[in-house]
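J.: just to be clear, the model below is a prediction. Sequence and coordinates:
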Amino acid sequence: MGGRSAPTPGRVRVALYLNEPESDRGSIESAYHQISTTLAGRTGLRGNELLRSLRDPRRYAVLSEWDDVPAYREWERSPEHLPTTSPLARYHDKGLGIFGSYEVVAAY
């Protein structure tokens, strides 16, 4: 126990950073549910979570997990990508770089 385990080869996690204005409370959560319902069953998407910052409740992140790099790239290039995710576009936290995509290389 406690030793290194082999990572799932190629698994991808994407973090989308969001900032919700005081005047628009609840809008990020609403848009997240709308988008997630649309994405249910998307090939390669293992799941996603909406996370709220403990330090600043106006800041959120959507963390999604993909089977592998090709599945994520296919989604990223698909014609439905931007229209599907557009309800969250106005909340992108540009100060954090909007999003990050990461391949799993180690896990415990």
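T.: That came through fine.
J.: now the strands for this protein?
T.: 12-19, 45-52, 59-66, 99-103 (DSSP state E).
J.: Asp93: which of those is closest?
T.: strand 12-19 (4.0 Å; C-beta to C-beta). Every residue, glycine included, has its C-beta placed from N, CA and C.
J.: mind putting the strands of the chain in TSV, mean pLDDT and distance to Glu74 included?
T.: As requested, those are arranged in TSV below (pLDDT from 0 to 100; distance: least, C-beta to C-beta, whole Å):
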stretch	mean pLDDT	distance to Glu74
strand 12-19	94	11
strand 45-52	96	10
strand 59-66	94	9
strand 99-103	81	13
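J.: so Gly10 makes contact with Arg73?
T.: No. With contacts counted by C-beta atoms under 8 Å, Gly10 stays clear of Arg73, the gap being 11.1 Å.
J.: any idea of the angle the longest helix along the chain forms with strand 59-66?
T.: Using DSSP state H to define each element, the chain has its longest helix at helix 27-39. Going by axes from the mean of the first three to the mean of the last three C-alpha atoms, to 10 degrees, helix 27-39 is angled at 10 degrees with respect to strand 59-66.
J.: residues of helix 27-39 that come out buried?
T.: Using 16 or more other C-beta atoms under 10 Å as the test for burial, helix 27-39 gives 27-28, 31-32, 35-36, 39.
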